[in-house]
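> Sequence plus predicted model, see below.
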Amino acid sequence: QVQLVESGGGLAQAGGSLRLSCAASRRTVNMDAMGWFRQATGKEREFVSALYWSGTDTYYADSVKGRFTMSSDNAKNTVYLQMNSLKPDDTAVYYCAAGPSALANGDIYHYWGQGTQVTVSS
């Protein structure tokens, strides 16, 4: 079983920054990609970003493009989400996920973290 543990959430002011981390207990053959998703209260889960451990490509939702940066540290089995220029609309529980492809469809990811709350005040 693979465990994903997120950290780094918290409270930030609009225009501020936060950095999320997601550490995987191990990597398996079905974990070529990692993704970040978020779910705000009363809304559906939405894709934020995804990448391949091989480092070939990184993908972003239009709503975060230019403000968020996803990266990985393969030696630590950890991915990060640097969030800059935060907006109140970014308030949500953020989840990391692991799966075979860096797609926006959350259904293809096999493993999920427990989530970390990000709250952005105006």
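Nice, I can see it. Given the structure is predicted, the values throughout are model-derived calculations rather than measurements.
> Distance across stretch 77-95, terminal residue to terminal residue?
Across stretch 77-95, the straight-line distance between its terminal residues is 16 Å, by Cα to Cα, to the nearest Å.
> Please apply the same query to stretch 10-25.
By Cα to Cα, the extent of stretch 10-25 from end to end equals 23 Å.
> mind checking how far that stretch is from the chain centre?
Per Cα atoms, centre = their mean, to the nearest Å, the displacement of stretch 10-25 from the mean C-alpha position of its chain is 10 Å.
> What residues of that stretch count as buried?
Across stretch 10-25, burial judged by 16 or more other Cβ atoms under 10 Å covers 12, 18, 20-24. In this view, the C-beta of every residue, glycine as well, is placed from N, C-alpha and C.
> Same check on stretch 44-58?
Taking 16+ other Cβ under 10 Å as the neighbour-count basis, stretch 44-58 is seen to contain the buried residues 47-51, 53.
> Just send the residues you listed back as TSV, with secondary structure too.
Formatted as TSV, the buried residues of stretch 44-58 follow (DSSP: H, G, I helix; E, B strand; the rest coil):
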residue	secondary structure
47	strand
48	strand
49	strand
50	strand
51	strand
53	coil
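> picking up where we left off before, could you list which of the buried residues of stretch 10-25 belong to helices?
Among these, none falls in helices (DSSP state H).
> Out of those residues, which comes closest to residue 87?
For the buried residues of stretch 10-25, the residue nearest residue 87 by Cβ to Cβ is residue 12; the value is 10.1 Å.
> which ones are touching the closest residue to residue 84 other than its chain neighbours?
Distance criterion Cβ to Cβ, 6 or more residues apart in numbering; nearest residue to residue 84, sequence neighbours excluded, is residue 17 at 4.7 Å. Residues in contact with residue 17, defined by Cβ atoms under 8 Å, 6 or more residues apart in numbering, are 82-86.
> Most neighbours out of those, which is it?
For the contacts of residue 17, neighbours were counted by other Cβ atoms under 10 Å; the highest total belongs to residue 83, with 27 neighbours.
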